[in-house]
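>>> Got a predicted structure here, sequence first:
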Amino acid sequence: MFNRWSQYSYRTQKKNRFRVLKFFIGFLILYIIYNCLTAFFFSVWVVDNNTMQPGLTKGDRLIFNSFNPPWNRDNPFPFTRGSIVLVDMRHENSQNLFLRILDGIVRFFTAQRISIFSSSGQYYIKRVIALPGDEISMQNYVFRVKPAGSSYALTEYELSKEPYYPAIPQVSSLWNEALPFSGSMDTIILGPDECFVISDDRSNTNDSRTWGSVKPSLIKARAVLRFWPLNKIGSF
């Protein structure tokens, strides 16, 4: 009887409320620290498809360096031609504040694997091949880029600091340039607020070939390290 009464005593209730409050405060602090780290410093992402093969395959885990810290505003392009980047195509800014907070909580508990805005778009891992002002064209799925201010064009590989080898699809002889998603693209010149991002698997068209150019502000992070699988550990 005494034990049953003690469960409802003021002291016991106060102690239980304190435990709940302590848990909530601890969770809030952890959540804030997590969001600060992922927004200002680094984040971990899992490659969930094969659009970047053969360099990256499904299941690879990468560490990305974020671009958002206020002390980094003097460097508008903390990536170069050839960089593997994280492109934000969620279009979540049109959603209300409550849904954006809820989305942050969902991504927190799922290590950024799930978003409530997934139907409106999502994050994509792509490669930057051209920066604002560049002139680009494509022949046989290989891009040629004439950097802004340059008098001649080079292949995408020559402008990349790190070597990479895209997967070039084998197309039928009946496939010609008049058909959608052929291996050729007419020359375009990027505007002052445009970048061009592509998949390494050139048979995949979920990139700037279908989206068009993307604003640099949509490129949220740059891949710096692959830490899984262990036999593929390396920096970018």
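Structure received.

>>> Which of the three states applies to residue 32?
Here residue 32 is helix, with the state taken from DSSP: H, G, I helix; E, B strand; the rest coil.

>>> Tell me how this structure divides into domains.
Domain ranges of the chain: 1-40, 69-221, per automatic domain parsing.

>>> Doesn't residue 24 belong to a helix?
Yes: residue state for residue 24 (three-state DSSP) corresponds to a helix.

>>> can you give me the strands in this protein?
Using DSSP state E, the strands of the chain run over residues 42-46, 61-66, 84-88, 123-130, 135-139, 142-146, 154-155, 185-189, 196-198, 219-228, 234-235.

>>> can these go into CSV with extra columns for distance to residue 30 and mean pLDDT?
C-beta coordinates here come from the backbone N, C-alpha and C atoms, glycine included. Shown next, in CSV, are the strands of the chain (distance: least, CB to CB, whole Å; pLDDT from 0 to 100):
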stretch, distance to residue 30, mean pLDDT
strand 42-46, 16, 83
strand 61-66, 18, 88
strand 84-88, 23, 92
strand 123-130, 22, 93
strand 135-139, 44, 93
strand 142-146, 43, 94
strand 154-155, 47, 93
strand 185-189, 46, 91
strand 196-198, 33, 95
strand 219-228, 21, 90
strand 234-235, 29, 90
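
>>> would you turn those into JSON lines with mean neighbour count and distance to residue 12?
Shown next, in JSON lines, are the strands of the chain (neighbours: other CB atoms under 10 Å; distance: least, CB to CB, whole Å):
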{"stretch": "strand 42-46", "mean neighbour count": "16", "distance to residue 12": "42"}
{"stretch": "strand 61-66", "mean neighbour count": "18", "distance to residue 12": "45"}
{"stretch": "strand 84-88", "mean neighbour count": "22", "distance to residue 12": "48"}
{"stretch": "strand 123-130", "mean neighbour count": "24", "distance to residue 12": "47"}
{"stretch": "strand 135-139", "mean neighbour count": "17", "distance to residue 12": "70"}
{"stretch": "strand 142-146", "mean neighbour count": "20", "distance to residue 12": "69"}
{"stretch": "strand 154-155", "mean neighbour count": "14", "distance to residue 12": "73"}
{"stretch": "strand 185-189", "mean neighbour count": "13", "distance to residue 12": "71"}
{"stretch": "strand 196-198", "mean neighbour count": "25", "distance to residue 12": "59"}
{"stretch": "strand 219-228", "mean neighbour count": "18", "distance to residue 12": "47"}
{"stretch": "strand 234-235", "mean neighbour count": "8", "distance to residue 12": "55"}
